[in-house]
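Visitor: One predicted model, sequence on top.
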Amino acid sequence: MKIARLHTLFGLCFVIVGLAVGVYMGASGNHTQQVTHAHILLIGFVLSLLYASIYRLWIPEGPSKLALAQLVLHHLGAVGLGVALFMLFGQIATEASLGPLLGIASNAVLLAAVLMLVIFLRSAKAG
Ligand code: HEM
Ligand code: HEM
């Protein structure tokens, strides 16, 4: 499957989870997972769909290890961050114990954004 489609597919999975957390918060009146909800939707759904759009608009798709690395880093980072934030705000684990996961996941999301910029610049130079 093409990279843009994979970003879209995973993004659409994140939107279901993120909206479910929003619906739960709305129904229960318990908004403690607001930050988790916001980041699952904004990083997992919105950013993934933006990456898919960037691919569709500007990046001619051939097999690219860099694009695959960007995809894997972004989505593993988004899942890691979502799980860590859920455990943090749900008081399932302490901030100290979640520190490594939060750090690795955040940096994976950040690195994926840097890779997206590199991939975009390369394609702009080539085309
Ligand atoms: C079924 C749809 C949704 C429901 C029921 C819902 C519910 C909620 C609730 C209850 C809060 C907490 C509000 C507060 O305590 O101040 C919240 C916050 C938030 N939601 Fe949603 N939400 C939905 C969809 C979305 C979508 C689609 C996005 C973004 C793509 C989004 C982004 C946010 C953000 C960024 C915040 C934090 C706002 C702030 O910083 O004050 N939500 N949502
Ligand atoms: C490496 C990725 C990211 C990290 C580590 C991160 C971290 C944080 C932190 C620490 C906060 C404050 C939470 C609090 O009030 O307790 C925050 C809030 C927020 N961030 Fe991020 N963020 C990231 C990416 C993003 C992205 C990509 C977006 C939007 C596209 C975004 C949108 C927001 C919004 C709207 C809030 C306010 C949410 C609220 O009040 O619930 N973040 N973020």
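Guide: All right, it came through fine. Residues are numbered from 1 along each chain as shown. Ligands and ions are numbered 1, 2, ... in the order given.
Visitor: Now the longest helix along the chain: buried residues?
Guide: Secondary structure of the chain per DSSP state H: the longest helix is helix 95-126. Residues 98, 101-102, 105-106, 108-109, 112-113, 115-116, 119-120, 123 are the ones in helix 95-126 that count as buried (16 or more other Cβ atoms under 10 Å). For the C-beta atoms, the positions are set from N, CA and C on the backbone; glycine is no exception.
Visitor: Next one: that helix, is it in contact with ligand 2?
Guide: Yes: Helix 95-126 reaches ligand 2 (Cβ under 6 Å from any ligand atom) through S106, V109, L110.
Visitor: ok so, going back, lowest pLDDT pick from the buried residues of helix 95-126?
Guide: Among those, S123 has the lowest pLDDT, at 89.
Visitor: so how far is V72 from V79?
Guide: To V72, V79 is 11 Å away according to Cβ to Cβ, to the nearest Å.
Visitor: Same drill for those two, tell me which one is more crowded.
Guide: Higher neighbour count among V79 and V72: V79, with 19 against 13, using other Cβ atoms under 10 Å.
Visitor: so what secondary structure elements neighbour the strand or helix carrying that one?
Guide: Assigned by DSSP states H and E, V79 falls within helix 65-89. Judged by 3 or more Cβ pairs under 8 Å, 6 or more residues apart in numbering; DSSP states H and E, the packing partners of helix 65-89 are helix 3-28, helix 34-39, helix 48-58, helix 95-126.
Visitor: Pull out the buried residues from it.
Guide: Using 16+ other Cβ under 10 Å as the test for burial, helix 65-89 gives 67, 70-71, 73-75, 77-88.
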